[in-house]
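Peer 1: Quick one, structure for this:
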Amino acid sequence: MIEVNHICKDFISPKKYPGLKGAIKGLFSTEKVVKSAVSDISFTIQDGEIVGYIGSNGAGKSTTIKMMTGILKPTSGECRINGIDPSKKRKENAKNIGVVFGQRTQLWWDLPLSESFTILKEIYNVSDEDYEKRMEFLNEVLELSDFFDRPVRTLSLGQRMRADLGAALLHNPKVLYLDEPTIGLDLVVKDNIRRAIKEINEKYNTTVILTTHDIGDIEELCSRIIMIDEGKKIYDGSLERLKDLYGSRRKVSMEVKQYDSCKKLKLAEKLGVSEEDCRMEWDDEKKILGVSFDKHKVQVPSILNMVMEISEVKDIQIQETELAEIVKEIYNHGLHAAV
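Peer 2: Numbers count the residues shown, from 1 in each chain. The predicted structure follows:
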């Protein structure tokens with residue numbers, strides 16, 4: 001459905017100089033500054049996939065999406081959506097895609113929502129029969145009928161997001177681009193939006209590209225993520241593989257009976273690993289021993305055997321590294337630092 005081959009996007013702007021003299025010099029200077037927003041990104045997305053396209057602010061996500069929708073033309077490389085080059089056949093491409101921007105709306109602000117949908121019906125040449133069927137489905141999954149006759153400006157943020165999602169799906173697009181679709185929404189509305197996206201994907205096999213900073217969206221919706229940093233692709237694969245490769249740390253917490261005896265235990269030394277690979281933590285108030293360890297070098301049974309030799313273990317809890325922590329570490333320090 002989507003083929004992106006070695007696309008790059010450079011932005012060229014006049015070089016700026018500091019101070020008043022610099023401003024005057026800038027009027028006559030022909031020097032240019034080239035900023036590479038996207039650099040040699042390639043990937044393919046199959047029909048019906050839901051893919052998270054993530055990265056820190058300024059990483060190049062929106063620029064890539066704009067090239068995929070036809071708003072921007074790549075400096076080099078090519079992009080094809082359902083066999084169409086979006087920058088060359090924008091109208092034809094527009095019939096195949098739907099776009100939702102979390103901080104913008106495609107609805108007419110002062111018109112009732114019903115009028116906006118009628119206008120979009122005419123723009124996309126949706127037949128009366130198809131319109132009725134589509135509205136029946138959209139009302140079922142997004143519950144639009146509660147505010148369908150109200151002006152858009154009177155809608156709450158959650159209602160407007162549901163309306164925008166419905167508007168993007170009115171012509172049954174093959175590809176749906178979602179840019180921060182749950183930003184600013186409360187937990188209940190977020191859950192409803194996610195459920196609607198799942199139902200739309202399952203019923204119509206709609207391909208969904210999701211850009212978001214909400215890890216909950218990624219975990220709930222996406223089977224695959226593509227991560228970019230400074231305009232370059234740094235990861236493309238499943239959530240499970242990301243956790244396995246970069247979520248190497250685990251923590252096991254044990255409520256122990258002979259707490260003071262456990263505090264004398266040199267666990268890393270006995271297991272033959274470094275202190276960093278097996279770090280002990282203590283909660284004197286609750287009498288809990290915590291062990292943070294690298295799961296590739298230390299196994300939970302080995303830790304338990306060592307502790308149970310000197311103390312009875314009353315309770316145990318094992319914690320995996322959360323996806324949010326892995327992604328945050330990659331954003332802050334790069335891919336290799338998360339290993």
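
Peer 1: Could I get the buried residue list for stretch 155-165?
Peer 2: Residues 155, 158-165 are the ones in stretch 155-165 that count as buried (16 or more other Cβ atoms under 10 Å). Where C-beta positions appear, they are placed from N, C-alpha and C, glycine not excepted.

Peer 1: could you show me where the strands are in the protein, in order?
Peer 2: For the chain, applying DSSP state E gives strands covering 2-14, 32-45, 50-54, 76-81, 97-101, 175-179, 207-211, 224-229, 232-238, 249-256, 278-283, 288-294, 313-320.

Peer 1: As CSV, the ones you listed with mean neighbour count would be great.
Peer 2: CSV is the format used below for the strands of the chain (neighbours: other Cβ atoms under 10 Å):
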stretch, mean neighbour count
strand 2-14, 15
strand 32-45, 16
strand 50-54, 24
strand 76-81, 18
strand 97-101, 22
strand 175-179, 23
strand 207-211, 24
strand 224-229, 21
strand 232-238, 16
strand 249-256, 18
strand 278-283, 15
strand 288-294, 20
strand 313-320, 12
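
Peer 1: got JSON lines for the ones you listed, with mean pLDDT and distance to residue 131 too?
Peer 2: Formatted as JSON lines, the strands of the chain follow (pLDDT from 0 to 100; distance: least, Cβ to Cβ, whole Å):
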{"stretch": "strand 2-14", "mean pLDDT": "89", "distance to residue 131": "27"}
{"stretch": "strand 32-45", "mean pLDDT": "88", "distance to residue 131": "28"}
{"stretch": "strand 50-54", "mean pLDDT": "91", "distance to residue 131": "26"}
{"stretch": "strand 76-81", "mean pLDDT": "91", "distance to residue 131": "24"}
{"stretch": "strand 97-101", "mean pLDDT": "87", "distance to residue 131": "15"}
{"stretch": "strand 175-179", "mean pLDDT": "90", "distance to residue 131": "18"}
{"stretch": "strand 207-211", "mean pLDDT": "91", "distance to residue 131": "22"}
{"stretch": "strand 224-229", "mean pLDDT": "89", "distance to residue 131": "33"}
{"stretch": "strand 232-238", "mean pLDDT": "88", "distance to residue 131": "38"}
{"stretch": "strand 249-256", "mean pLDDT": "87", "distance to residue 131": "53"}
{"stretch": "strand 278-283", "mean pLDDT": "88", "distance to residue 131": "61"}
{"stretch": "strand 288-294", "mean pLDDT": "88", "distance to residue 131": "57"}
{"stretch": "strand 313-320", "mean pLDDT": "85", "distance to residue 131": "47"}
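
Peer 1: Which of those sits closest to residue 148?
Peer 2: Nearest to residue 148, of all the strands of the chain, is strand 97-101, at 18.0 Å by Cβ to Cβ.

Peer 1: which helices and strands does the closest one pack with?
Peer 2: The contact analysis (3 or more Cβ pairs under 8 Å, 6 or more residues apart in numbering; DSSP states H and E) places strand 97-101 against helix 157-169, strand 175-179.
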